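# Fold the following.
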Amino acid sequence: MEITSKSKSRLESFLVNPSKSLWTLAIPIMFGMGIHTFYNIVDMMFIGRLGGNAIAGVAFNMPVFFLMLGLTMGLGAGVTASIARFIGEDKKTHADNSAEHALAMAAVIAAVFTIAGLLFGNKLLASFGAEGEILTLAWDYLYIIIIGLPFMVFSGFFRSILAGEGDMKFPMMVAGLGTILNIILDPLFIFDLENYGGVGFGMGVKGAAMATVISQGIVFIVFVYMLFVKKHAYITFKLKDFTPSKEILWDIIKVGLPASMSMIIMAVGQGVFNKILINYSPQTVAAYQVAGRLDMLIFLPIFAIAGSMTTLVGMFYGGKNIEQLNAIVKYGISRAFMITLISSTFVYIFAETFASWFTQDQEIIGVAVGFLRLMCFIYPFVAIAITSGRVMQGLGKGIPVLIITTVRVLGVSAPLALYFSFVLDKPVEWNWYAMMISTGIAFIIAVTWVRVELKKINQSFSKSS
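Numbers count the residues shown, from 1 in each chain. Below is the predicted model:
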């Protein structure tokens, strides 16, 4: 009961100082994501020692990974927004029921995606353009990851539930534990360390996947113990008395399903780009993967602020605190832009140094640096677009994110890249130009949409008062 009262007090304090509340939520997210980003970088450094084909093999898993976790993360956003709004409306029973629906969805997603991944994962990798040794390495990595997928799915929903009630610190600590374990286990499973006087399994890319599965399994156990045994949450679970509710299910799905579809579209987009880039060389695919790990340094503050915005916007909107709502939207978007401007400048300057951490292949380094230095010009606008999308989710509107993502990926980015590469026969840099153009269009749509929705809310509130 002590933890519950502390949680409730924390939620009420958000109303007093919205800008301070943003950092109260964002800083733990940033630390948690920072630890995870550090792991991703170290993980790719280990894999990079296995060669360019190993990096490319893992790269072909990224769209598949997005596909598998798209529903988890998308519906998780719906869960966060739903719980936040119910708490803002002082409807704890509804918030509890929303969390219970989240666990039911987690069970279904884990079962369906694990079975489908084992049956069709290899064929899906081949359809993205992986072949020969790269296909073998990609499947070696994927089938082990799939076995551990249930741990990741449930842990993702646990984080979303806690985010909905404003608890970002505990998930950060658990994520940190998982990341440290992963980094420790990576070299043990990847390399044969006997030559160095130690013990190792020498499993290569399989070992990288095994280290991830074991660490995520431990993270899952910690979440279950703390939430169901220690009762570490404002939300309480009464699974024995769980009754499905169409209203609450729709409240989650109306935000979560469009967000999930958005991630699936991004997965398709990544698959298309991998298929385009493999026509240049396997090293180009590897470079795209290396650059993707590095731009996490830029996305780190973006997603931390954006994740906080979903919770705060949901609470303020649910509680009809319109003044705080307007203040947090302006503050959050402006800070996301400024911070990303600084981080983009940093990555632009040191792009070559960062890329050389992963490999000494000059072709991979050159392509990765070219990608990063072009995209750094557009990343601050990505920050605004992502934050605007999370604002819409907090307002209970999931369709805008889906439409913006569809226009960006399927309407502009992928078609332009295909046109530049196969019709005009342009060099690889033109694929990055396609991404930049599509991002600019998405930015304009996102900002315009948020302004229109906020104007409607303010007008509606003025009439009612």
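# switch to C-alpha atoms for all contacts and neighbour counts from now on
Noted.
# low-confidence ranges in the stretch 201-350 of the chain?
Within the stretch 201-350 of the chain, no stretch falls below the threshold (pLDDT under 70).
# same question, the stretch 51-200 of the chain
For the stretch 51-200 of the chain, the ranges with pLDDT under 70 are 193-200.
# Identify the residues contacting the spatially most central residue of the chain.
In the chain, the residue lying closest to the centroid (Cα atoms, centre = their mean) is residue 73, at 6.8 Å. Residue 73 makes contact with 156-157, 259-260 under the criterion Cα atoms under 8 Å, 6 or more residues apart in numbering.
# Hmm, residue 96 and residue 248 touching each other?
No: using Cα atoms under 8 Å, residue 248 is not in contact with residue 96, being 10.4 Å away.
# Was I right to think residue 212 contacts residue 182?
Yes: with contact defined as Cα under 8 Å, residue 212 reaches residue 182; the gap is 5.8 Å.
# Now do whichever helix or strand residue 125 is part of: distance to the chain's middle.
Using DSSP states H and E, residue 125 falls within helix 92-127. Its chain's average C-alpha position is 16 Å from that of helix 92-127, according to Cα atoms, centre = their mean, to the nearest Å.
# Give the buried residues for whichever strand or helix holds the residue nearest to the centre of the chain.
Using DSSP H and E, residue 73 maps to helix 61-88. Buried positions in helix 61-88, judged by neighbour count with 16 or more other Cα atoms under 10 Å: 61-88.
# Ok, stretch 155-168 next?
155-168.
# Quick check: of those residues, which lies closest to residue 280?
Nearest to residue 280 among the buried residues of stretch 155-168, counting by Cα to Cα, is residue 156 at 35.8 Å.
# Touching, the closest one and residue 76? I think so.
Yes: in terms of Cα under 8 Å, residue 156 counts as a neighbour of residue 76; the distance is 7.1 Å.
# Just checking, which helix or strand succeeds whichever strand or helix holds residue 372 along the chain?
Using DSSP H and E, residue 372 sits in helix 362-375. Moving toward the C-terminus from helix 362-375, the next helix or strand (DSSP H and E) is helix 379-394.
# report the angle between the axes of that following helix and helix 61-88?
50 degrees (axes from the mean of the first three to the mean of the last three Cα atoms, to 10 degrees).
# counting contacts, what elements does the helix or strand just after helix 379-394 pack onto?
Downstream of helix 379-394, the first helix or strand assigned by DSSP H and E is helix 399-406. Helices and strands touching helix 399-406, by 3 or more Cα pairs under 8 Å, 6 or more residues apart in numbering; DSSP states H and E, are helix 246-277, helix 379-394, helix 429-464.
# Highest mean neighbour count out of these?
helix 379-394 (a mean of 27; mean count of other Cα atoms under 10 Å).
# How far away from the center of its chain is that helix?
Put simply, helix 379-394 sits 13 Å off its chain's centre (Cα atoms, centre = their mean).
# contacting residues around it?
77-78, 81, 85, 255, 298-299, 302-303, 305-307, 309-314, 317, 329, 332-334, 336-338, 340-341, 344, 398, 400-401, 439-440, 442-443, 446-447, 450.
# So which of the helices and strands packed on helix 399-406 is nearest residue 415?
Of the helices and strands packed on helix 399-406, the one closest to residue 415 (Cα to Cα) turns out to be helix 429-464, at 8.5 Å.
# Could you check the angle the closest one makes with helix 399-406?
Using the same axes, to 10 degrees: helix 429-464 against helix 399-406 is 160 degrees.
# Give me the residues contacting stretch 424-433.
277, 280, 370-371, 374-375, 416-417, 420-421.
# How about the helix or strand residue 218 falls within, which residues are buried there?
Per DSSP H and E, residue 218 falls inside helix 205-224. For helix 205-224, a neighbour-count test (16+ other Cα under 10 Å) marks 205-220, 223-224 as buried.
# Cool, thanks, signing off.
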